[in-house]
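Undergrad: Just the structure for this:
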Amino acid sequence: MFLLPKGSPLFENLAVSKLKLPDVLTKLSNGVFTGYASFVFQASTAILVFEAGKLVSGLVERENGKKETGFEALSALAELMVTTGSGALNVYKLSKDLTMCIHALLEGEILYKAQELKLIDIKTLLEKVKEDKMNGCLRIYTDDNAAMIFYKDGNPLGFFHDGASDIETSSTESQKIAGLPGAKIDLFSTQSADELMDTNLLEVTNIQKIWDASVALHKSEIDRTNLERQERDQKAVSLKLAELEEQVKTIVGEYVGKVGRGIVDKGISDNGGNSCLIDVDKSEQFMKGVERAAKLLVSGTNIKLMMEKLNSTLTIAKSEF
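TA: Numbers count the residues shown, from 1 in each chain. All right, here's what the predicted structure looks like:
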């Protein structure tokens, strides 16, 4: 995303996670705001351009360079605000003419794109900009530097370069960059500021509906993720309980023989399933039942050893669940 002149800050570094898009847009619209709002996320940036409270342009640019405009941009912005949990909002006032130039930069007609400056007669190009009374922006840049010249009716409004915070009247930096090896230009044109006033995305878009849909979708995704996690957890618990049940059957079988597995099965059934093995009260009842059944089959010494081993196994298991 291009660096843009900040102009006069209205808000800076507001936490997006605490904001709702319909509220932000309503505030700027009712305040007859002229300028732009910048939403900066870790991997995406959104720019909303306002002219006298009308939303004349919206752009979202992803880290991979993918761009969305208009309705798609507002939908993408709502999704980012709802799902990322981070980001900062900056709002800057600009003059009507400069706002028009920002619109040209973001959504204007592209007359030149990544054109090498050495292949262009820049003097002739600037004369044409003047003759055509062009509104827009000329961007001059290399891999490391960039500057922009904003035009109204073919005349330069001012100059802006990376690292500056506002529009400058001097073209020195632009001329420096133009003289660097590999310099390129982009040229964007747009309508006049008055013609842009015919556009208002807020009148043709139901922002509240977009926001509510994003919130609902995000909640649905969270609920689905939580359900999947619960199912995974339940499956893991079931597997561990099955392993514990087998351990218990092996222990009882060592002391009372093959019938031991049946004793364990009955004790588990009487106490509501194998989860009783890790329940404080139910495991005690289970142990008593196993002990009573075992006394009918083996001597007291073996029963004592069996119960000690069972108690140790279940105590360790309870600490692990």
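Undergrad: do you know how far Asn90 is from Phe11?
TA: Distance of Asn90 to Phe11, computed by CB to CB, to the nearest Å: 7 Å. From N, CA and C alone the C-beta is placed, and that goes for glycine too.
Undergrad: Between the two, which is the more surrounded one?
TA: Asn90 (17 against 14; other CB atoms under 10 Å).
Undergrad: Just the buried positions in the strand or helix carrying that one, please.
TA: Asn90 is located in strand 88-93, with elements delineated by DSSP states H and E. With burial defined by 16 or more other CB atoms under 10 Å, the residues of strand 88-93 counted as buried are Leu89, Asn90, Val91, Tyr92, Lys93.
Undergrad: With stretch 121-129 instead?
TA: When neighbours are counted by 16+ other CB under 10 Å, the buried residues of stretch 121-129 are found to be Leu125, Leu126, Val129.
Undergrad: cool, stretch 153-173 as well?
TA: In stretch 153-173, counting by 16+ other CB under 10 Å, buried: Gly154, Pro156, Leu157, Gly158, Phe159, Phe160, His161, Ile167, Glu168, Glu173.
Undergrad: from these, which ones fall inside helices?
TA: In helices, defined here by DSSP state H, the members of those are Glu173.
Undergrad: so how far is Ser86 from Ile207?
TA: Distance of Ile207 to Ser86, computed by CB to CB: 22 Å.
Undergrad: Kindly apply the preceding question to Gly179 instead.
TA: In this view, Gly179 and Ser86 are 40 Å apart by CB to CB.
Undergrad: Would you mind confirming that Ala88 is in contact with Leu14?
TA: Yes - if you go by CB atoms under 8 Å, Ala88 and Leu14 touch, sitting 6.5 Å apart.
Undergrad: The strand holding Asn90 pairs with which strands?
TA: Taking DSSP bridges as the criterion, strand 88-93 forms sheet pairs with strand 8-15 (antiparallel), strand 35-40 (antiparallel).
Undergrad: which residues are in contact with it?
TA: Residues outside strand 88-93 that contact it (CB atoms under 8 Å, 6 or more residues apart in numbering) are 4-16, 19, 24, 28, 33-40.
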